[in-house]
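J.: next input, structure requested:
(chains A and B)
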Amino acid sequence: MNPAPAISVRGLRKSFGATVVLDGLDLTVPEGSVFALLGPNGSGKTTTVDILSTLTPADAGEVRVAGSDVRHDPRAVRAAIAVTGQFTAVDNLLTGAENLRLVADLLHLGRRKGQARAADLLERFDLVEAAASSPTTYSGGMRRKLDLAMGLMGDPRVVFLDEPTTGLDPRSRRAVWDVVRGLVADGVTVLLTTQYLEEADQLADRIGVLDGGRLVAEGTATELKRMVPGGALRLQFADRRSLDDAARVLRGATADPDALALEVPSDGGVRALKDVLARLDEAAVEVADLTVHQPDLDDVFLALTGRPTTPSDQKVSTS
Amino acid sequence: MTTLSWTVADSATMLRRNLKHALRYPSLTIIVAAMPIVFLLLFVFVFGGTLGAGLGGASGGRAEYAEYLTPGLLVLAIAAAAQGTAISIAMDMTEGIISRFRTMSISRAAVLAGHVVGAVVQTMIGLALVLGAAVGVGFRPDAGVVEWLAAIGFLALVSLALSWLSVAMGLATKTVEAASNVPMPLLLLPFFGSGFVPTDSMPAGLRWFAEHQPFTPIIETLRGLLTGTAIGSTGAVAVAWCVAFTVVGWLWARRNYENRPAR
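T.: Alright, predicted model coming up:
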């Protein structure tokens, strides 16, 4: 067997009153890898992070983080982890630098080591100029970065990121992604939760799809994408007549009259593409535009759980 | 380092944090110190003439009432500060940083100890201001050096006891609004005791309550130390009440802090 995993979860259960949040969750994250827990709101992502980071006790199940049991040895777990929650854990009445100093003091780093590490992190996260002001004056991205920097003061071996980029603009999101990649390069294990499929695709070695308090699928992004039937060609037409003509030629396609578009199930290969175009040519139908749609994690999620991740993600082709 | 010295170091870090908060968000501290001073002026100048005459002493009037009132008012000031402490810890618990503290390998007691010691420091500063105002309106304590030291130590003990109790109350409530209401009984008890008028002027049932509730021995002990009235066994009773408040508040606060939901 490989060395002990950084995170191992067996049969984790948690209920709040009559509501079952986690219903026998199993999870293994090897050391030095990034695991993304993907799921819609209310699927139990935050509860999982809370239990793994010793904030909430589990009802049942075995949870080991960085080699220690969260129930029996929470102090050892706390010494090895950093947590960045959805709600930034910074002190608004202290400046950015004072926030880092506070964490350094609580870690007993000593004055010189604490200052050196704070300066290093401020530099790395591009917060040097903001260090002397209160986090209330920061942008959302800067607050999140300060939050992360505070977590990294203690050189954690396992980092939990609960929806680290929710509510951030694209540029800040990329900055956070760079931080995560930097952590991985240093050999840190990362468990992140997200409802953004792209984020999981970009960052994670393995992705677990959480639904109804258990993992309904787990694998690499490629493996998960292979689980759904296939892609489609999306054809765009200039007018309604062309669309109707094309629909007549291409049986099995789904028409979207409002968008003047036609979706043809396809594996996206060159041969299939040629075939479709040849048949349209034969019928003398002009195609205004063509896109090849590969299955993405949205489709995976839909296929696995029977519903889209969020209402706004619903696709026309599913009607 | 040993666990104990870590706890002390962490508590000192938390104390620095809370004192910085008090300096940067001073409105709570100011209100807490101003309220007893307003009460002092109200009771001495509005009610003092009549109440002082009712005390039946030789001089009578305002000066004598200021003399009688000040110890009770100092205890009221501690209770008002306790209300502020409950509010500030309830506010602190709404901040995400508390979740961070709970996921760090630091002494669990340090967050609470930082709040309590910070509260005691702020309360003692507030008491100095109230005492200064009392002297300004005619309070003339006859305490010697030993009595002063004893009075200061006793005030610190009462502050510590009520701070632990109020930290527990602040943690027990779910909202900041509730945290400002729960300590209300602490603010009312000096009125239903010997704080503002002697208990023997009260009707029988109320008088029994006033003489047996914790604030009366506390106020009487302080009055004895500052103005030379007899203390007798009330001193021991007062200290016992303070120790009991401290222990109950400490245990209750710890339990509330451990059992708080994650966010």
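
J.: residue numbers of chain A in contact with chain B?
T.: A:46, A:50, A:53-56, A:75-76, A:78-79, A:81-83, A:85, A:87-94, A:98, A:102-103, A:105-108, A:150-151, A:154 (C-beta under 8 Å from any C-beta of the partner chain). C-betas here are computed from N, CA, C, even on glycine.

J.: any of those buried? List them.
T.: Neighbour-count burial (16 or more other C-beta atoms under 10 Å in any protein chain shown) applied to these gives A:46, A:50, A:53-56, A:76, A:78-79, A:81-83, A:85, A:88-94, A:98, A:102-103, A:105-108, A:150-151, A:154.

J.: in strands only, show me the residues of chain A next to chain B.
T.: In this view, those that belong to strands under DSSP state E are A:81-83.

J.: and the closest residue in space to B:Ala143 that isn't next to it in sequence, which of the three is it?
T.: Leaving aside its sequence neighbours, B:Ala143 sits nearest to B:Leu226 (C-beta to C-beta, 6 or more residues apart in numbering or on different chains; 5.2 Å). Here B:Leu226 is recorded as helix under DSSP: H, G, I helix; E, B strand; the rest coil.

J.: which ones are touching B:Leu226?
T.: Shown in contact with B:Leu226 (C-beta atoms under 8 Å, 6 or more residues apart in numbering or on different chains): B:70-71, B:141-143, B:147, B:151.

J.: same question for A:Leu191.
T.: Taking C-beta under 8 Å, 6+ apart as the contact definition, A:Leu191 lies against A:7, A:29, A:34-35, A:37, A:49, A:52, A:158-161.

J.: with B:Val176 instead?
T.: Contacts of B:Val176 (C-beta under 8 Å, 6+ apart): B:87, B:90-91, B:94.

J.: can those go into a markdown table with extra columns for pLDDT, secondary structure and distance to B:Thr173?
T.: Below are those laid out as a markdown table (pLDDT from 0 to 100; DSSP: H, G, I helix; E, B strand; the rest coil; distance: C-beta to C-beta, whole Å):
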| residue | pLDDT | secondary structure | distance to B:Thr173 |
| --- | --- | --- | --- |
| B:Ile87 | 91 | helix | 10 |
| B:Ala90 | 90 | helix | 6 |
| B:Met91 | 88 | helix | 11 |
| B:Thr94 | 84 | coil | 11 |
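
J.: and those, which two are the farthest apart?
T.: Farthest-apart pair in the contacts of B:Val176 is B:Ile87 and B:Thr94; separation 11.2 Å (C-beta to C-beta).

J.: neighbour count for these two, which is higher?
T.: B:Ile87 (25 against 12; other C-beta atoms under 10 Å in any protein chain shown).

J.: quick one, what contacts the residue in the stretch 101-250 of chain B that chain A sits nearest to?
T.: Chain A sits closest to B:Ser105 of the stretch 101-250 of chain B, with a gap of 4.0 Å, by C-beta to the nearest C-beta. Shown in contact with B:Ser105 (C-beta under 8 Å, 6+ apart): A:75-76, A:78-79.

J.: please identify which pair of those residues lies farthest apart.
T.: Top of the distance list for those (C-beta to C-beta): A:Ala76 and A:Arg78, 7.4 Å.

J.: break down the chain into its helices, ranges please.
T.: Assuming you mean chain A. Ranges of helices in chain A, per DSSP state H, are A:45-52, A:74-80, A:96-106, A:111-124, A:140-152, A:170-185, A:197-203, A:221-226, A:240-249, A:270-282, A:297-305.

J.: let me rephrase: I mean chain B.
T.: Counting by DSSP H, the helices of chain B are B:3-24, B:27-41, B:48-54, B:61-93, B:97-102, B:108-136, B:145-172, B:176-181, B:184-188, B:204-212, B:215-227, B:234-258.

J.: can you redo these as TSV with distance to A:Leu262?
T.: Formatted as TSV, the helices of chain B follow (distance: least, C-beta to C-beta, whole Å):
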stretch	distance to A:Leu262
helix B:3-24	63
helix B:27-41	65
helix B:48-54	92
helix B:61-93	57
helix B:97-102	51
helix B:108-136	62
helix B:145-172	62
helix B:176-181	58
helix B:184-188	71
helix B:204-212	86
helix B:215-227	83
helix B:234-258	61
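
J.: so, low pLDDT: which residues of chain B?
T.: The model of chain B has pLDDT under 70 over residues B:1, B:56-60, B:261-263.

J.: check contacts around the residue nearest to A:Ala238 when sequence neighbours are not counted.
T.: Nearest residue to A:Ala238 in three dimensions, chain neighbours excluded: A:Ala288, at 4.7 Å (C-beta to C-beta, 6+ apart). The neighbours of A:Ala288, taking C-beta under 8 Å, 6+ apart as the test, are A:236-238, A:242, A:260.

J.: mind running it again at 6 Å?
T.: The contact partners of A:Ala288, by C-beta atoms under 6 Å, 6 or more residues apart in numbering or on different chains, come to A:236-238.

J.: redo the residues you listed as CSV? Include pLDDT and neighbour count.
T.: Below are the contacts of A:Ala288 laid out as CSV (pLDDT from 0 to 100; neighbours: other C-beta atoms under 10 Å in any protein chain shown):
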residue, pLDDT, neighbour count
A:Gln236, 88, 16
A:Phe237, 89, 23
A:Ala238, 88, 12
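
J.: out of those residues, who's nearest B:Ala168?
T.: Of all those, A:Gln236 has the smallest distance to B:Ala168: 66.8 Å, by C-beta to C-beta.

J.: now that closest one, nearest residue through space, not along the chain?
T.: Leaving aside its chain neighbours, A:Gln236 sits nearest to A:Asp289 (3.7 Å; criterion: C-beta to C-beta, 6+ apart).

J.: how about B:Trp241?
T.: Nearest one to B:Trp241, counting by C-beta to C-beta, 6+ apart, is B:Pro214 at 4.0 Å.

J.: could I get the phi/psi values of the one you found?
T.: When quoted as degrees, to the nearest 10, the phi and psi of B:Pro214 stand at phi -60, psi -30.

J.: check A:Thr88 too.
T.: Note on A:Thr88: backbone dihedrals following degrees, to the nearest 10 are phi -60, psi 130.

J.: how near is it to B:Arg17?
T.: 17 Å (C-beta to C-beta, to the nearest Å).

J.: neighbours around residue 145, how many?
T.: In the absence of a named chain, this looks at chain A. Here the number of neighbours of A:Lys145 (other C-beta under 10 Å) works out to 27.

J.: my bad, chain B
T.: For B:Val145, using other C-beta under 10 Å, the count is 7.

J.: and A:Asn41, by the same measure?
T.: Per other C-beta under 10 Å, the neighbour tally for A:Asn41 reads 10.

J.: grab the nearest non-local neighbour of it.
T.: Nearest one to A:Asn41, counting by C-beta to C-beta, 6+ apart, is A:Gln195 at 6.9 Å.

J.: again, but for B:Val237
T.: In this structure, B:Val237 finds its nearest non-sequential neighbour in B:Pro217, 4.3 Å apart by C-beta to C-beta, 6+ apart.

J.: quick one, what contacts A:Leu121?
T.: Residues in contact with A:Leu121 (C-beta under 6 Å, 6+ apart) are A:Ala149.

J.: let's go with 10 Å and repeat that
T.: A:Leu121 sits next to A:100, A:103, A:127, A:145-146, A:148-153 when contact means C-beta atoms under 10 Å, 6 or more residues apart in numbering or on different chains.
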